[in-house]
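>>> Requesting a structural model of the entry that follows:
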Amino acid sequence: MRFLEFRGEWEKYVISDILEFFTTNSLSWEQLECDTDNLHNLHYGLIHKGLPTQIELKKCLLPNIKKEFLPNNYTVCKDGDIAFADASEDTG
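Model (predicted):
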């Protein structure tokens, strides 16, 4: 697909030259809870199952990581970040 306003040759990029990648977690639903003040977790299953394309934390309820499973190191998403789910989950 190409938008009509784009003309000329395609430009090729190595994706790692223009994007930054961060490690993620593999927490199960059993390691998450709702309605606490703990760190939010964007579970890959939620990406597959119906979160809006743009997430506003004031409008979307994300689960929290239970205290006993909080990671020592983590990266917090910032406004404008893009999240990709690199694994699939049965959402049936």
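
>>> switch to C-alpha atoms for all contacts and neighbour counts from now on
OK.

>>> residue ranges for the strands of the protein, please.
For the chain, the strands defined by DSSP state E occupy 32-33, 64-65.

>>> Pick the most deeply packed of these.
Ranked by mean neighbour count, the strands of the chain are led by strand 64-65 with a mean of 22 (mean count of other C-alpha atoms under 10 Å).

>>> name the helices or strands packed onto it?
strand 32-33 (3 or more C-alpha pairs under 8 Å, 6 or more residues apart in numbering; DSSP states H and E).

>>> hang on, the earlier thing: for the strands of the chain, give me JSON lines that also has distance to residue 4 and mean pLDDT.
Converted to JSON lines, the strands of the chain look like this (distance: least, C-alpha to C-alpha, whole Å; pLDDT from 0 to 100):
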{"stretch": "strand 32-33", "distance to residue 4": "45", "mean pLDDT": "96"}
{"stretch": "strand 64-65", "distance to residue 4": "43", "mean pLDDT": "95"}
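
>>> Spatially central residue in the protein, please.
The residue lying closest to the centre of the chain (C-alpha atoms, centre = their mean) is residue 83, at 3.5 Å.

>>> what sits against it?
Going by C-alpha atoms under 8 Å, 6 or more residues apart in numbering, residue 83 touches no other residue.

>>> Quick one: low-confidence residue ranges for this structure.
86-92 (pLDDT under 70).

>>> hmm, try it at 90
Low-confidence segments of the chain, defined by pLDDT under 90, span residues 1-4, 6-11, 15-16, 19-26, 35, 37, 42-62, 73-92.

>>> Please, where are all the helices along it?
With DSSP state H as the definition, the chain shows helices at residue ranges 15-18, 44-49.

>>> Tell me the gap between the last one and the middle of its chain.
Looking back up the chat, that one is helix 44-49. Distance of helix 44-49 from its chain centroid, counting by C-alpha atoms, centre = their mean, to the nearest Å, is 9 Å.

>>> what does the shortest one give?
Taking C-alpha atoms, centre = their mean, one finds helix 15-18 lying 18 Å from the centre of the chain it belongs to.

>>> From the contact counts, what lies against it?
Here helix 15-18 touches no other helix or strand, going by 3+ C-alpha pairs under 8 Å, 6+ apart.

>>> Offset the numbering so it begins at 11, please.
Got it, the first residue is 11 from now on, which makes the last one we talked about helix 25-28.
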